[in-house]
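>>> below is the structure, and that's it, no one-letter string:
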């Protein structure tokens with residue numbers, strides 16, 4: 001297979017995730033008023049109910065379920081379940097707001113190499129899990145390679161010392 005082995009499809013970024021909803025209206029309210037996304041224009045050629053929202057560098061496309069009654073019920077909050085994660089500036093502020101909004105949530109913590117990452121997990125109206133974390137301090141270290149990136153791409157660290165340049169005669 002020819003091409004860039006580290007990016008064979010030449011992808012640029014994550015564009016959106018799609019979520020099937022019992023009620024698009026209820027999910028719009030949640031993603032706008034809890035997560036802080038903004039509703040955006042959706043192509044008028046779609047022949048099904050839905051909504052597009054955007055914010056924090058990600059799009060969320062809500063799709064109305066054809067059979068809302070058949071959708072499973074919310075399960076217990078499990079940090080090891082499928083979820084989408086957002087970074088925040090203040091975990092205390094997030095937790096305070098979740099309590100004010102009476103949104104049931106679970107706290108968790110990751111400790112790696114002396115770095116602590118706090119996490120809060122909760123469900124959207126359809127049981128899809130959301131994580132809020134302060135994971136920008138946890139480096140993203142490739143299994144094969146030299147560069148390590150923080151989750152926020154702010155801190156760039158070289159794992160191995162640079163190769164010395166040898167002057168050509």
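Happy to help now that I have it. This structure is a prediction, so every number in the text was calculated from the model and none was measured.
>>> and residue 130, what's its pLDDT?
We have a pLDDT of 97 for residue 130.
>>> tell me the SS of the closest residue to it other than its chain neighbours?
Nearest non-adjacent residue to residue 130, counting by Cβ to Cβ, 6 or more residues apart in numbering: residue 122, 5.6 Å away. Every residue, glycine included, has its C-beta placed from N, CA and C. Three-state assignment for residue 122 (DSSP: H, G, I helix; E, B strand; the rest coil): strand.
>>> let me see the contact set for residue 122.
The neighbours of residue 122, taking Cβ atoms under 8 Å, 6 or more residues apart in numbering as the test, are 77, 98, 103-106, 129-130.
>>> kindly report the same for residue 13.
Residue 13 makes contacts with residue 57, as judged by Cβ under 8 Å, 6+ apart.
>>> secondary structure class for it?
coil.
>>> pLDDT at it, what is it?
Per-residue confidence (pLDDT) for residue 13: 89.
>>> now residue 57: how far from residue 29?
22 Å (Cβ to Cβ, to the nearest Å).
>>> these two: which has the busier surroundings?
A count of neighbours by other Cβ atoms under 10 Å puts residue 29 above the other of residue 57 and residue 29, at 12 against 8.
>>> can you tell me the SS state at the more buried one?
With three-state DSSP as the criterion, residue 29 reads helix.
>>> how about residue 81?
State at residue 81, reduced to three classes by three-state DSSP: coil.
>>> please apply the same query to residue 109.
strand.
>>> right, and it touches residue 121 too?
No: counting by Cβ atoms under 8 Å, residue 109 stays clear of residue 121, with 11.8 Å between them.
>>> so between these two, which is more surrounded?
Of the pair residue 109 and residue 121, residue 121 is the one with more neighbours under other Cβ under 10 Å, namely 21 against 9.
>>> now do the same contact list for that one.
Per Cβ under 8 Å, 6+ apart, neighbours of residue 121: 77-79, 83, 105-106, 108, 129-131.
>>> any idea how far the nearest residue to residue 124 once chain neighbours are set aside is from residue 101?
With sequence-adjacent residues excluded and distances taken as Cβ to Cβ, 6+ apart, residue 124 is closest to residue 30, at 5.4 Å. According to Cβ to Cβ, residue 30 and residue 101 sit 10 Å apart.
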